[in-house]
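K.L.:
Can you look at this prediction? I've put the sequence above it.
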Amino acid sequence: MLLSRARRQSPRGDPARESVDDCNSKITKSEPNDVTPSRAHTHGDANERRMLSKAVARAMMLRAPTDGGSRIARMAAATNQRRNATMTTSCIRHQFGDDVVRVVDSHRRSTMSGGRGRVAMRSISSSSSGGSGVTEPDAGAATESKPARRKRVLSGVQPTGSIHLGNYFGAIKNYVKLQDDYDAFYCVVDLHAITAGGHDPAGLEASTKTSAAIYLAAGVDPDKANVFVQSHVPAHSELCWLLNCVAPIGWLEKMIQFKEKARKAGEEVSVGLLDYPVLMAADILLYKADLVPVGEDQRQHLELTRDIAGRVNSLYGGKKWKKRKGKAPSGRSRGGDVLLVPEAFTPKEGGRVMSLTDGASKMSKSNPAEGSRINVLDTPDEIAKKIKRCKTDAFEGLEFGNAERPESQNLLTIYQLCTGMTQEEVLAECGSMRWGDFKPRLTDAVIEHLSPIQGRYNEIMADPAYLEGVLKRGADNANEVANITLRDVRDALGFVQY
């Protein structure tokens, strides 16, 4: 009846009427190139037929022109098509175009894979020229279950002094490798830079920008990773205080780095030096980081982070939190762990690049001897001078893995990292060399590796607006994630929030 009414109200020559007739003549045909469910599946699953028909009918209604005759014709075709499970892809394409074919194919794939068959369409609008907007399934009503959160990685480098090869190979280069597979948050940890006290404010401001620019110059992509400054996210400081009230002071006094530095500083040692592992814990826990790239010297601090998270979960999470019923600010039900316990990631190579003046000590910003490290921004002449004067030994040839030759291990490792060779390739090329022959080769390799990074760094620093934009966008994203965690911790601890 509806179909007859459509034909009566649609004049001859109306594309809508012709399309209805054409569709009806094709609707039971099977064409060789059709992409349709199997015949057994189509006729055997009434629910699939019903859902598919509704999806097509809905698409037709939304695509219909505003004039009455054509709209009624399309409604008639929709009604007819609900009664036909063998509607072909070519007929759908003829009636609606490729955009609706994509919607219906999505529905079919979902139904055949066990989905509920619900297809939600944003809109299909006709333009003044008769064209239509592309219609896609709405992500909010996708047939598949909500995808799992990508694993998250967090790390940062202090903006004190210049970033050197140890920072670069031990941390920043790994940032680039991880950003494709993880939800990455990389920060310039400026709050950590003042823990010893007596810092230079102008120097801190300059080195914060320099450090962020080196991240980007080394290959961190702001479209893949969030680059931000730690102090731009206030939640770091607040969570640190909350964790301070949970962590026993005895845990902090056992930290090796605190013991070493406190012994040198005596009574002048700052509270910040004692407490900065708790701030580091706050940095990590705010972002629910699954993976934290750290050097071997920082592994103890990560273990402290795990201990603090476990203590918070034990004291305030689980059944104690669940008994208060209701929802946490993040939207999840109260109960379970308040904080995610992270895992460490230490690269097999380059985790600890050692000092040029002592192969048994790590390359460090705090070493007063400038010749002990190669900075990422050193000029070719400075690099050549430092390598020429670096400490070696009196053994013949070069080798990896000899505990009595830490300088040989260190310099060969730097060469390996700069060239991308394996240890076997390095030894085949350089194993029989004397130090006088190897040092120039090492110098060339370091300069060649750092040259493109330095060039990109200069471009970034020449465009302050670009750098500021990257840091602002990164801070906005970081604040959004960090505040969710912070509000849940406040809730678990009993703070009133609005």
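P.N.:
In hand now; what should we look at?
K.L.:
Show the contacting residues for Ala282.
P.N.:
With contacts taken as C-beta atoms under 8 Å, 6 or more residues apart in numbering, Ala282 has the following neighbours: His236, Ser237, Leu239, Cys240, Leu243. Bear in mind the C-beta positions are built from the backbone N, C-alpha and C, glycine included.
K.L.:
Identify those among those residues that sit within helices.
P.N.:
His236, Ser237, Leu239, Cys240, Leu243 (DSSP state H).
K.L.:
Which of those sits closest to Ala465?
P.N.:
Proximity of the ones in helices among the contacts of Ala282 to Ala465 was ranked by C-beta to C-beta; the top entry is His236 with 25.7 Å.
K.L.:
Distance check, the closest one against Asp393.
P.N.:
From His236 over to Asp393 the distance is 44 Å, taken as C-beta to C-beta, to the nearest Å.
K.L.:
and these two? which has more neighbours close in?
P.N.:
Between His236 and Asp393, counted using other C-beta atoms under 10 Å, the more crowded position is His236 (22 against 14).
K.L.:
wait, what's in contact with that one?
P.N.:
Going by C-beta under 8 Å, 6+ apart, His236 touches Leu191, Gln230, Leu279, Ala282, Asp283, Leu286, Ala482.
K.L.:
pLDDT below threshold where in the stretch 151-300 of the chain?
P.N.:
Judged against pLDDT under 70, the low-scoring parts of the stretch 151-300 of the chain cover residues 295-297.
K.L.:
how about the strands in it?
P.N.:
Ranges of strands within the stretch 151-300 of the chain are 152-157, 183-188, 225-229, 291-293, based on DSSP state E, counting those that start in this stretch.
K.L.:
and among these, the most buried is which?
P.N.:
Greatest average neighbour count among the strands of the stretch 151-300 of the chain goes to strand 183-188 (a mean of 26), per mean count of other C-beta atoms under 10 Å.
K.L.:
tell me the helices in the stretch 151-300 of the chain, going along the chain?
P.N.:
Along the stretch 151-300 of the chain, the stretches classed as helices by DSSP state H, counting those that start in this stretch are 165-167, 173-178, 201-217, 235-244, 249-253, 256-265, 271-286, 299-316.
K.L.:
How about the stretch 301-450 of the chain?
P.N.:
According to DSSP H, counting those that start in this stretch, the helices that the stretch 301-450 of the chain contains are 318-322, 380-389, 406-419, 423-430, 435-461.
K.L.:
tell me the domain boundaries of this structure?
P.N.:
Annotated domains of the chain cover 2-141, 151-498 [automatic domain parsing].
K.L.:
Lys388 contacts Gly436, correct?
P.N.:
No - assessed by C-beta atoms under 8 Å, Lys388 is found out of contact with Gly436, at 9.8 Å.
K.L.:
hmm, back to that, distance to Leu467 added to the strands of the stretch 151-300 of the chain, as JSON lines?
P.N.:
Compiled in JSON lines, those are given as follows (distance: least, C-beta to C-beta, whole Å):
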{"stretch": "strand 152-157", "distance to Leu467": "16"}
{"stretch": "strand 183-188", "distance to Leu467": "11"}
{"stretch": "strand 225-229", "distance to Leu467": "9"}
{"stretch": "strand 291-293", "distance to Leu467": "23"}
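K.L.:
between these, which one is nearest to Val470?
P.N.:
Between Val470 and these, the shortest separation by C-beta to C-beta is 5.7 Å, and it involves strand 225-229.
K.L.:
which neighbours does that closest one have in its sheet, and in what orientation?
P.N.:
Taking DSSP bridges as the criterion, strand 225-229 sits next to strand 183-188 (parallel) in its sheet.
K.L.:
got a list of contacts for the partner strand?
P.N.:
By C-beta under 8 Å, 6+ apart, the residues outside strand 183-188 that reach it are 149-159, 175, 178, 208, 211-212, 215, 220, 224-230, 233, 283, 287, 289, 474, 477-478, 481.
K.L.:
Go again with 7 Å.
P.N.:
For strand 183-188, contacts defined as C-beta atoms under 7 Å, 6 or more residues apart in numbering pick out 150-157, 159, 175, 178, 208, 211-212, 215, 220, 224-230, 287, 478.
K.L.:
quick one, what contacts Ala360?
P.N.:
Taking C-beta under 7 Å, 6+ apart as the criterion, Ala360 is in contact with Pro406.
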